[in-house]
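Trainee: build me a model:
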Amino acid sequence: MKSTLKTIGAAMLGGAIVLGSYITFVEQDEPQLPLVVESDNALPITTVNYTGSSIPMNNDFAQAAERTVHAVVHVKNLTMSKSKITLRDFYQGRSAQPQYAIGTGSGVIITPDGYIVTNNHVIDNSNELQVTLNNNRTYNATVVGTEPSSDIALIKIETDEDLPYVTFGDSDQAKIGEWVLAVGNPFNLTSTVTAGIVSAKGRDLNTRDNTQQSFIQTDAAVNPGNSGGALVNTRGELIGINTAIQSPTGSYAGYSFAVPSNNARKIIEDLMEYGFVQKGMLGISGSNLNTARARELGVDRSEGIYVGSVVEDSGAQEAGLREGDIIINIDGVRTRTFADLTGYIGSKNPGDVVRVKAVRGDRMRDFDIVITENTTMTIPSLEMDLRDLNSDEKRLFKVDNGVRIVDARGDLKPYSSQLSQFVITKINNVAVNSVSEVRQILNGVERNDMLYIEMKSPNGEIERLRLPAN
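Mentor: Just a heads-up that it's a prediction; the model follows:
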């Protein structure tokens, strides 16, 4: 194990930075995914009234495009990495040379003072960020915060003048078949607008790092460079952040996906207020219903979420939800699949209350459930998912403090199974008691400083990792 962990440290120190300017999802059989709604109106938002048609007269999208195009920016990411050296280079005394790469994408101005939402993969590993507005003015940008699991990032530019911005619409109210526009910078062609319809909602995809999320699917043409751009309705309101395409070629093939604006807005507000994203949970595990699953479970419904278990001390347990209940609706939003459920809960904060409608036996029941904190959090600077220890785990590892390693990402991904056998007890010789304390320690660490991580296994084995802070 020690040699393995030494290898992990070496891999992290010597690993090259990989720049991605867009994501392509390759179609797989039966794609499946998971979870995480709305705080104070810190950001401009428009409540959408859908009592009338959203289709403009003569399908004229000019007004919506005019409201949006000046608030969508071109993002350029300059990344530096060290070239690999050969054995001959080593013997001849040649050192690794810096290599520069440039990636591009899009972003959406959401406040007049220069806050911009984009995709995390557009700005990942950046050494320098530049933002070019529609009037060709260029500014340096700084990263405010990121949420890799949702592929959302918040950046900021400084300017003395108020900027054009896009207001948030309510993505929960977007309808399948509704006209939408995708605005971005595909192939470095700035200020490009394409039109399509909402093809599906609550679409779940198997992403490369196995995160789970609920996407809006559209047939508006989205290509490399559109990542981080705006998906707007015909009133010019932001209902999604364009994120991915599903294509065998890497270019548009009729399927593109956007993070719903309600989820993006919640993430952005958390990053502004806390510097990280608060994640809530309903407190259940379960499965989608279909005819075969319903027959297997002995229920007479083929649509909804079958509750397989309820998390101890969660809001679901406190409200009285039980194994065998079938969730069909949350706050009036139909929940046919787990992606519908997780997408809606993902826009909520711990402490929010949701009204859940569920079927128990032959009766319909309503439950007011408090969203509780999900203590499993992604720590981008460690490339790990960490969780607070419960009392049983403290006894198992014979510790009074620490956080459990749930999963590893990036360069650490190949070592995830080994790392999950440990708890982190100290970082830079400071004892950690919770994930929030880990964040506090990391907030005081400069980029590229070294992190000294002390870990313990159930058999008492102590291991140490030396990793660069990202």
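
Trainee: dump stretch 322-332 to PDB, keeping only the CA atoms.
Mentor: As requested, the backbone C-alpha atoms of stretch 322-332 are provided in PDB (Å, rounded to 0.1, in the frame of the first residue of the first chain):
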ATOM      1  CA  ARG A 322     -41.400   4.700   4.300                       C
ATOM      2  CA  GLU A 323     -39.900   1.900   2.200                       C
ATOM      3  CA  GLY A 324     -42.400   0.900  -0.500                       C
ATOM      4  CA  ASP A 325     -43.900   4.400  -0.900                       C
ATOM      5  CA  ILE A 326     -44.000   5.600  -4.500                       C
ATOM      6  CA  ILE A 327     -43.100   9.300  -5.100                       C
ATOM      7  CA  ILE A 328     -45.000  10.800  -8.000                       C
ATOM      8  CA  ASN A 329     -44.800  14.600  -7.400                       C
ATOM      9  CA  ILE A 330     -42.600  17.200  -5.600                       C
ATOM     10  CA  ASP A 331     -43.900  20.700  -5.200                       C
ATOM     11  CA  GLY A 332     -46.300  20.100  -8.100                       C
END
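
Trainee: flag every buried residue along that stretch.
Mentor: 324-330 (16 or more other CB atoms under 10 Å). In this view, the C-beta of every residue, glycine as well, is placed from N, C-alpha and C.

Trainee: out of these, which are inside helices?
Mentor: Among these, no member falls in helices (DSSP state H).

Trainee: pass me the low-pLDDT residue ranges in the stretch 151-300 of the chain, would you?
Mentor: Across the stretch 151-300 of the chain, residues meeting the criterion (pLDDT under 70) sit at 206-212.

Trainee: in CSV: the buried residues of stretch 322-332, plus distance to residue 113 and pLDDT.
Mentor: Below are the buried residues of stretch 322-332 laid out as CSV (distance: CB to CB, whole Å; pLDDT from 0 to 100):
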residue, distance to residue 113, pLDDT
324, 51, 93
325, 46, 94
326, 47, 94
327, 41, 96
328, 43, 94
329, 39, 94
330, 34, 96
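
Trainee: residues near residue 398, how many?
Mentor: The number of residues packed near residue 398 is 10, by other CB atoms under 10 Å.

Trainee: swap that for residue 263, please
Mentor: Residue 263 - counted by other CB under 10 Å - has 30 other residues nearby.

Trainee: may I see the buried residues of the strand or helix carrying it?
Mentor: Element membership for residue 263, per DSSP states H and E: helix 261-273. For helix 261-273, the neighbour count (16+ other CB under 10 Å) marks 261-272 as buried.

Trainee: inside strands: which ones of the buried residues of stretch 322-332?
Mentor: 326-330 (DSSP state E).

Trainee: hang on, the earlier thing: of the buried residues of stretch 322-332, closest to residue 469?
Mentor: The closest of these to residue 469 turns out to be residue 330 (CB to CB; 38.5 Å).

Trainee: residue contacts, the closest one?
Mentor: Taking CB atoms under 8 Å, 6 or more residues apart in numbering, we find residue 330 in contact with 341, 344-345, 354-357.

Trainee: how about 6 Å then?
Mentor: Listed by CB atoms under 6 Å, 6 or more residues apart in numbering, the contact partners of residue 330 are 344, 354, 356.

Trainee: number of nearby residues for the first one?
Mentor: Okay, so that is residue 344. 25.
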